[in-house]
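1. Sequence and computational prediction follow.
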Amino acid sequence: MARRRIAGEDGRRALARVADGSAGRNEIATAVRFTLEELAELAPGNSVEVRVPPFGVTQCVEGPRHTRGTPPNVVETDATTWLALVSGTTDWASAVAAGKVAASGQRADLSAWLPLAGLRA
């Protein structure tokens, strides 16, 4: 189970601020971190590293655990794209095709878990 740092109420409040366009940097950071925690809970494991610089990183998806150096399965994107993916306002294939998501490795396709159920950003 993922270790929680962002309370559900705080995460949902930050997502609501993102959705209504009133989010500042702190709310965006909270929304990103909260949704990374949600993904890690939904897809537990350590075979994929998801990076949303400068706000957060998580490991998820079942498979071989990576412990040293650059992981073989990496997903990296910006906060705006990440929040659009988790909320469903954009889809995985479109974001990858547009170059908004860098995904490397055979397990780096997160389309099975995105958008995150029950979240609206």
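-> Arrived safely, thanks for sending. Numbering: from 1, shown residues only.

2. only C-alpha atoms for contact and neighbour calcs from this point on.
-> OK.

3. For the residue most central in space within the chain, give me its contacts.
-> Nearest to the geometric centre of the chain sits L36, at 4.2 Å (C-alpha atoms, centre = their mean). Taking C-alpha atoms under 8 Å, 6 or more residues apart in numbering, we find L36 in contact with 50, 56-58.

4. what is the mean pLDDT for the helix ranked longest in the chain?
-> Scanning the chain for the helix with the most residues, using DSSP state H, yields helix 25-42. Averaged across helix 25-42, the pLDDT comes to 96.

5. got the CA coordinates for that helix in CSV?
-> Only the C-alpha atoms of helix 25-42 are listed here, as CSV (Å, rounded to 0.1, in the frame of the first residue of the first chain):
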residue,chain,number,x,y,z
ARG,A,25,1.6,26.6,-7.4
ASN,A,26,0.9,25.1,-3.9
GLU,A,27,-2.5,23.7,-5.0
ILE,A,28,-1.0,22.3,-8.2
ALA,A,29,1.8,20.6,-6.2
THR,A,30,-0.8,19.2,-3.8
ALA,A,31,-3.0,17.9,-6.7
VAL,A,32,0.0,16.3,-8.4
ARG,A,33,1.3,14.6,-5.3
PHE,A,34,-2.2,13.4,-4.3
THR,A,35,-2.9,11.9,-7.7
LEU,A,36,0.5,10.2,-7.7
GLU,A,37,-0.4,8.6,-4.4
GLU,A,38,-3.7,7.6,-5.8
LEU,A,39,-2.0,5.9,-8.8
ALA,A,40,0.5,4.1,-6.5
GLU,A,41,-2.5,2.7,-4.5
LEU,A,42,-4.4,1.7,-7.6
